[in-house]
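A.B. asks: Coordinates for the following, if possible.
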Amino acid sequence: MKYKNRPEISVVMPAYNHEQYVADAIDSVLSQTFKNFELIIVNDGSTDGTEDVIKKYNDPRIRYYYQKNGGSHDAINKGILHSRGDYVAIINSDDAFYCDRLEVLLHRAKTEGLDFVVTAVTLIDADSNIITDTNHPWIMGYEKIKNIYRNYKSPLKAILLGNYTISTSNFFVKRTLFDEIGTLSNLKYVLDYEFAIRAMKRDEKRFRFLVDEEHLLYRLHGKNTILSDTVGAYNEDYELVTETMKHVFGEGLSPFLDHLKDMTFGIKAGSGSYDRNITLRKILKIYIKPGTTLFKLLKTVARVLKLP
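C.D. replies: Below you'll find the model as predicted:
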């Protein structure tokens, strides 16, 4: 279908029960230095005053949709379905863009032939204060995964050691990529992680993490989905990472990963269902050559999972 005055970028905003933050998110999009965009807001069945805040805006660039609650992936996918731009940027209704985000990312995508771009993020709290404490657990973890990315030649291998994309709010995607690999999967916690891995499996050379450039304000507050159920998030994370490791390192790795999974469940359940004398370190020394990338990767996995 042909559109008059078709926007070059479609910004998709899923909104759910964020009446306190959604105005900041909308304002950050409307104040972009790049002007040729549309903002598609999909209200995913909010039960608070989110809709009232959204309807106060009278800007021709905004297209508003309401749906019954279907989850973040469903709201984002609906926005993508209605998008008209050559590129799609996503922003959750509790985050905010830097004013030059769209301009910078569009330029990088075009000049470098990229399909998928993410940036470094600035952490803010519930009151929009920037968190600068270098000893903050989140910041310490984030710096670690950024350094992993810097030290790995492969973005796909690096992301197995931590989701440096952080959030769907960080996504800047060429519209045709969704046509090729599909939209977001029906996952509650790691939908961003899964899509990023899927895109990198297709062609990691057309992906870029602007690791030293902050262009997104990422809000950490008590209602973040992933903070509401850390066990559920880790379970989704574990399944995704182990399956991707099989893809990256070959199916020959499957028995070892399955064994690690059994050990993990045994530890968590306290069942003692495995021989506690057969530690992961012993398994690594027996079956995998020390010093190799795979050896180091599995040691990191074991450390994260707190396996013996």
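A.B. asks: In this structure L156 contacts A199, no?
C.D. replies: No - the pair L156 / A199 is not scored as a contact, 9.4 Å apart, by Cβ atoms under 8 Å. All C-beta atoms are positioned from the backbone trio N, CA, C, and that covers glycine.
A.B. asks: More neighbours: which of these two?
C.D. replies: Counted by other Cβ atoms under 10 Å, L156 and A199 do not tie: A199 has more neighbours, with 23 against 17.
A.B. asks: element containing that one, please.
C.D. replies: Using DSSP states H and E, A199 maps to helix 191-203.
A.B. asks: Could you check the angle the biggest helix by length in the chain makes with helix 191-203?
C.D. replies: Longest helix of the chain, by residue count under DSSP state H: helix 230-249. Angle, helix 230-249 to helix 191-203, by axes from the mean of the first three to the mean of the last three Cα atoms, to 10 degrees: 0 degrees.
A.B. asks: Counting by contacts, list what helix 230-249 packs against.
C.D. replies: helix 155-159, helix 191-203, helix 254-269, helix 293-305 (3 or more Cβ pairs under 8 Å, 6 or more residues apart in numbering; DSSP states H and E).
A.B. asks: which of the residues in stretch 6-18 are buried?
C.D. replies: 7-18 (16 or more other Cβ atoms under 10 Å).
A.B. asks: what about that stretch, how long is it end to end?
C.D. replies: End-to-end distance of stretch 6-18: 29 Å, with Cα to Cα, to the nearest Å as the criterion.
A.B. asks: ok, now stretch 198-213?
C.D. replies: First-to-last residue span, stretch 198-213, Cα to Cα: 24 Å.
A.B. asks: Residues in contact with that stretch: which ones?
C.D. replies: Applying Cβ atoms under 8 Å, 6 or more residues apart in numbering, the contact partners of stretch 198-213 are 104, 108, 112-120, 146, 149-150, 154-156, 159, 164-165, 173, 177, 180-182, 196, 244, 247.
A.B. asks: make it 6 Å
C.D. replies: Stretch 198-213 is contacted by residues 114-120, 146, 149, 155-156, 164, 181 when judged by Cβ atoms under 6 Å, 6 or more residues apart in numbering.
A.B. asks: Repeat that for stretch 7-24.
C.D. replies: Here stretch 7-24 has contacts from 29, 36-44, 46, 48-50, 53, 72, 75-76, 79, 83-91, 93-94, 96, 102, using Cβ under 6 Å, 6+ apart.
A.B. asks: so V88 touches V173, yeah?
C.D. replies: Yes - counting by Cβ atoms under 6 Å, V173 is a contact partner of V88 at 5.0 Å.
A.B. asks: before we move on, the earlier item: which of the contacts of stretch 198-213 lies closest to L240?
C.D. replies: Comparing these against L240 with Cβ to Cβ picks out L156 as the nearest, at 12.6 Å.
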